[in-house]
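>>> Quick one: sequence plus predicted model below, questions after.
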Amino acid sequence: METIDKASLSAHEAVDKIASATNQACEALGDKGKQLQNAEKQVVENCRGYIRDNPITSLGIAVAAGFLLSRLLSGR
């Protein structure tokens, strides 16, 4: 269970980093940024809820995404 908690914490930290970057971009965009910011908050809350409700599935998705990205970026 500790592994799941660590994975969940890592996923939450990644979501928070993405949210922070999105907030900075939104500030630069002005009025449209406000609309984007509201949509981003909703997506973040949905992601957090999904991760909280489905930690094992979330971990599997993260592993699969990491594997695919490594394969795509390896250049082999």
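Received, thanks.
>>> from here on, contacts and neighbour counts on C-alpha atoms
OK.
>>> Flag the shaky bits of this protein, pLDDT-wise.
Where the chain drops to pLDDT under 70, the residues are 1, 26, 29, 76.
>>> Return the set of buried residues in the biggest helix by length in it.
Using DSSP state H to define each element, the chain has its longest helix at helix 2-29. Residues of helix 2-29 classed as buried: Ala7, Ser8, Ala11, His12, Val15, Ala19, Thr22, Asn23, Cys26 (neighbour count, 16 or more other Cα atoms under 10 Å).
>>> Next, work out how far apart Gly60 and Ser8 are.
As judged by Cα to Cα, to the nearest Å, Gly60 and Ser8 stand 11 Å apart.
>>> what does Ser74 give?
27 Å.
>>> And Gly75, by the same measure?
Distance, Gly75 to Ser8, by Cα to Cα: 30 Å.
>>> Now tabulate the buried residues of helix 2-29 in JSON lines and tack on distance to Asp53.
What follows is the buried residues of helix 2-29, written out as JSON lines (distance: Cα to Cα, whole Å):
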{"residue": "Ala7", "distance to Asp53": "13"}
{"residue": "Ser8", "distance to Asp53": "10"}
{"residue": "Ala11", "distance to Asp53": "13"}
{"residue": "His12", "distance to Asp53": "13"}
{"residue": "Val15", "distance to Asp53": "16"}
{"residue": "Ala19", "distance to Asp53": "20"}
{"residue": "Thr22", "distance to Asp53": "24"}
{"residue": "Asn23", "distance to Asp53": "25"}
{"residue": "Cys26", "distance to Asp53": "29"}
